[in-house]
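Undergrad: My questions concern the predicted model and sequence given below.
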Amino acid sequence: MFLQLEHGESIAEKDIIGVFGLDAAGASPLTKPLFIRKEEQKGVVNLASDIPASFVLVQGEYDDTVYISGLSTESVARRLHRTND
């Protein structure tokens, strides 16, 4: 199954490591180094049209990717739940 994010981007559910809210995770001292490292590696995909609300960490075939989303973590969870029904 796949999780549909913004702009037609789909992610295989089996590859999702976690979904994190930027309000809570953004305050973590561990999040900033992750984003810096992934940006240097070209591993950040910004899908947010406006203010980003969450990010999805995905284990890809060769490396991890961070998808920044305008969807709340609750919206992402609902989409994941719907694909599993």
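TA: Yep, it's here.
Undergrad: Tell me, please, the helix or strand in the chain that averages the lowest pLDDT.
TA: Ranked by mean pLDDT, DSSP states H and E, the weakest helix or strand in the chain is helix 22-25, scoring a mean of 79.
Undergrad: For that helix, which outside residues touch it?
TA: 31, 52-55, 68 (Cβ atoms under 8 Å, 6 or more residues apart in numbering). Bear in mind the C-beta positions are built from the backbone N, C-alpha and C, glycine included.
Undergrad: Tell me the helix or strand right after that helix.
TA: helix 31-40 (DSSP states H and E).
Undergrad: That next one packs against which elements?
TA: If you count contacts as 3 or more Cβ pairs under 8 Å, 6 or more residues apart in numbering; DSSP states H and E, helix 31-40 packs onto strand 64-69.
Undergrad: Just want the most central residue of the chain.
TA: Taking Cα atoms, centre = their mean, the centroid of the chain lies closest to V56, which sits 1.6 Å from it.
Undergrad: you'd agree that one is in a helix?
TA: No - secondary structure of V56 (DSSP: H, G, I helix; E, B strand; the rest coil): strand, not part of a helix.
Undergrad: Does it touch I11 like I think?
TA: Yes - between V56 and I11 there is a contact at 6.5 Å, judged by Cβ atoms under 8 Å.
Undergrad: joint contacts of those two?
TA: With Cβ under 8 Å, 6+ apart, V56 and I11 have common neighbours 3, 5, 67.
Undergrad: nearest to I16, of those?
TA: L3 (6.7 Å; Cβ to Cβ).
Undergrad: got the contact list for that closest one?
TA: Taking Cβ under 8 Å, 6+ apart, one finds 10-13, 16, 56, 76, 79-80, 83 in contact with L3.
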